[in-house]
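*Asks:* Need the 3D shape of this:
(one chain, ligands or ions: 1)
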Amino acid sequence: MCTAATYKTKDFYFGRTLDYECSYGEQIVITPRNYAFNFRHVGDMKNHYAIIGMAHVAEDYPLYYDAMNEKGVAMAGLNFVGNAVYAEIKPDVENIAQFEFIPWILSQCSSLVEVRELLERINIVNTPFSEQLPLAQLHWIISDENESITVESMADGLHIYDNPVGVLTNNPPFPQQMFQLNNYMYLSPKQPRNTFSETLTLDAYSRGMGGLGLPGDLSSSSRFVRVAFTKVNAISGESEEESVSQFFHILGSVDQQRGCCEVADGKYEITLYTSCCNVTKGIYYYNTYENHQISAVDMHVENLDSDKMICYPVIQGERINYQNK
Ligand SMILES: C[C@H](CCC(=O)NCCS(=O)(=O)O)[C@H]1CC[C@H]2[C@@H]3[C@H](O)C[C@@H]4C[C@H](O)CC[C@]4(C)[C@H]3C[C@H](O)[C@]12C
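*Replies:* Model prediction:
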């Protein structure tokens, strides 16, 4: 399971949890403007916007899981198993392999308006990266500070949905996820009033009772509701520290602890990492299951005119701040 969310204070933030039972070996990867992308079916792109995000690097190629570009557009791929179907190659459209989708969008779009234009010509095709790295069944959230969309490639074609809540999890398809929010419109951060019966004396005996009924389990539809409720009610100061901290708290509402979600005998899905992009400033923050300290890579510290990828290893291992030794 995975969850992605957006958040706005003074700057615009975007991030995700990556929940899985094993790591593919990811790093924080910056693709500078002059790294040549060789798209399998549409040719080479020699100059483009710089990109930073979490990726598995194979054959000197950044296989991004989530990323942002220097212009303020961010996107993430989340599992959509059993529903994602990629198309065959077609004439007169831009045939983009599933693993190329993030670089294709982020290399050339500076806003969601431009993303929508590009999507009018796209055909997301079923070309695998390699035999060892076959197709991943994903759907995507793409955002700038003004809006978000969800992209789902299914058996009946490509769907592009407005995503007014700015969150995404996994199955079922996005319209069903949005629809189920109707069932929770009574939830509130305020204490409930007794509308049950005028003839009964009922007592709001605990704080937080306005949220009674918010689903607490790890299924993706429950995580969708939970993170949406948390995000839309979350209040933060405007400083970078307050905003980043609050963002990690929002995604913390759907954190997965080892042992609670068994995917095979003795194998458990956990939140391998949580990311938080300051999309306005190009800073990629993350922490991991093994390291709660927030680490960051700032793309603008690097030479973004280079033609070579820049990679930073994910820092693991808890760092405990002993106060008396
Ligand atoms: C497993 C990851 C998704 C995690 C997730 O959504 N978990 C939910 C599980 S479930 O629905 O509830 O079952 C996805 C997200 C991005 C994916 C990676 C990226 O798409 C980049 C490449 C793409 C290649 O085709 C396959 C390897 C790969 C390196 C992918 C491996 C894996 O499928 C990743 C890491």
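*Asks:* could you pull out the strands for the stretch 151-300 of the chain?
*Replies:* 157-162, 167-168, 262-264, 267-268, 270-278, 283-288, 295-298 (DSSP state E, counting those that start in this stretch).
*Asks:* can you redo those strands as JSON lines with mean pLDDT, distance to the ligand and mean neighbour count?
*Replies:* The C-beta positions use only the backbone N, C-alpha and C, and glycine is treated the same way. Putting the strands of the stretch 151-300 of the chain into JSON lines (pLDDT from 0 to 100; distance: least, Cβ to the nearest ligand atom, whole Å; neighbours: other Cβ atoms under 10 Å) gives the following:
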{"stretch": "strand 157-162", "mean pLDDT": "98", "distance to the ligand": "17", "mean neighbour count": "14"}
{"stretch": "strand 167-168", "mean pLDDT": "98", "distance to the ligand": "10", "mean neighbour count": "30"}
{"stretch": "strand 262-264", "mean pLDDT": "95", "distance to the ligand": "7", "mean neighbour count": "10"}
{"stretch": "strand 267-268", "mean pLDDT": "96", "distance to the ligand": "12", "mean neighbour count": "12"}
{"stretch": "strand 270-278", "mean pLDDT": "98", "distance to the ligand": "8", "mean neighbour count": "24"}
{"stretch": "strand 283-288", "mean pLDDT": "98", "distance to the ligand": "14", "mean neighbour count": "22"}
{"stretch": "strand 295-298", "mean pLDDT": "98", "distance to the ligand": "19", "mean neighbour count": "16"}
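*Asks:* Redo these as JSON lines? Include distance to residue 4.
*Replies:* Listed next are those as JSON lines, based on distance: least, Cβ to Cβ, whole Å:
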{"stretch": "strand 157-162", "distance to residue 4": "14"}
{"stretch": "strand 167-168", "distance to residue 4": "5"}
{"stretch": "strand 262-264", "distance to residue 4": "20"}
{"stretch": "strand 267-268", "distance to residue 4": "21"}
{"stretch": "strand 270-278", "distance to residue 4": "9"}
{"stretch": "strand 283-288", "distance to residue 4": "14"}
{"stretch": "strand 295-298", "distance to residue 4": "19"}
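*Asks:* Of all the ones you listed, which one comes closest to residue 5?
*Replies:* Closest of the strands of the stretch 151-300 of the chain to residue 5 is strand 167-168, at 4.7 Å (criterion: Cβ to Cβ).
*Asks:* Residue numbers of this structure in contact with the ligand?
*Replies:* Taking Cβ under 6 Å from any ligand atom as the criterion, the neighbours of the ligand within the chain are 1-2, 18-20, 24, 56, 63, 65, 77-79, 81, 99, 129, 133, 135-136, 138, 170, 220.
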